[in-house]
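Colleague: When you get a sec, could you give me coordinates for this:
(one chain, ligands or ions: 1)
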Amino acid sequence: MNILIFGPNGSGKGTQGAIIQKKYGVTHVESGAIFRKNISGGTELGKRAKEYIDRGDLVPDDITIPMILDRLKEDDCKKGWLLDGFPRNQVQAETLHKALNEASIKLDYVVEIGLDRQIAKDRIMGRRLCVNDNNHPNHVFIDAIKPVEKEGKIVCRVCGGELKTRADDQDEAAIGKRHDIYYDTKTGTMAAVNYFKNVPGPKVITVDGAPPIGEVSEKLMAHLA
Ligand code: AMP
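Modeller: From the prediction side, this is the model:
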């Protein structure tokens, strides 16, 4: 099963992605996580991408597109993938569509998680990342996934690991920029969403990201099954 998942930063896209990955055994390919791994590993790619990410800008297409297309060619993607964070603009959408057609790879689902911009912003500021696993959701304002306290420190509710914030999550200007890009229907991510909603083949699933995590995932699963 090959799935594209869209949603503004803060919509719960990563959390729902982790649930889908677990249930269907697909490989979760997350563009932002690949960049962050490269930044913490001090790679050349990470060095090139960091300044854009810190500002909330998109990393240029000539870096991002080959990185993702190469990733989809790796062995673990043969069992199916969930692509998260890509495509984020019209050019990326068209390039991905062409590459999938050329490789005769079927796209099964296009998932869109909708969320109001202000709610999305509040959610971003409260999220925390587990240093052990990117798929351990933690959020200081959401009871269901609140981190736990251990020896006076808040730690991951799943594994007790150390929690970090993303630099671009605490910067309101960067959040604003990321949302400007997402909600832009002309050249931004909404253009990519609309592009893939209209290509022949995949089933389109649109869910409201406002309800609690369990409710959103139930709705999603009902459509994916
Ligand atoms: P995310 O974790 O999806 O919020 O991504 C974090 C940051 O990585 C974004 O704000 C961008 O700077 C960069 N990024 C992730 N995916 C893409 C993409 N498809 N194209 C360009 N930049 C990206």
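Colleague: residue contacts, the spatially closest residue to Gly126 that is not a sequence neighbour?
Modeller: Distances taken as CB to CB, 6 or more residues apart in numbering put Phe141 closest to Gly126, at 3.9 Å, once the chain neighbours are dropped. Using the backbone N, CA and C atoms, a C-beta is placed for each residue, glycine as well. Counting by CB atoms under 8 Å, 6 or more residues apart in numbering, Phe141 touches 122-123, 126.
Colleague: could I get these as CSV with secondary structure?
Modeller: Below are the contacts of Phe141 laid out as CSV (DSSP: H, G, I helix; E, B strand; the rest coil):
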residue, secondary structure
Asp122, helix
Arg123, helix
Gly126, helix
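Colleague: Quick one: buried ones out of these?
Modeller: 123, 126 (16 or more other CB atoms under 10 Å).
Colleague: related to what we said a few turns ago, mind checking what secondary structure the residue nearest to Gly126 has?
Modeller: coil.
Colleague: and whichever residue of the chain sits closest to the ligand, how many neighbours does it have?
Modeller: Here the chain gets closest to the ligand at one residue, Gly32, 2.0 Å apart by CB to the nearest ligand atom. Here the number of neighbours of Gly32 (other CB atoms under 10 Å) works out to 20.
Colleague: so what's it up against?
Modeller: 53, 85.
Colleague: Give the helix, strand or coil label for it.
Modeller: Assignment for Gly32 (three-state DSSP): helix.
Colleague: Tell me the spacing between Met67 and Thr165.
Modeller: 24 Å (CB to CB, to the nearest Å).
Colleague: Tell me which of the two has more neighbours.
Modeller: Met67 (17 against 14).
Colleague: Now that one: which helix or strand?
Modeller: Met67 belongs to helix 61-72 when assigned by DSSP states H and E.
Colleague: what about the nearest residue to Val148 once chain neighbours are set aside, neighbour count?
Modeller: Leaving out its chain neighbours, the residue that sits closest to Val148 by CB to CB, 6+ apart is Arg157, at 5.0 Å. For Arg157, the count of nearby residues is 19 (other CB under 10 Å).
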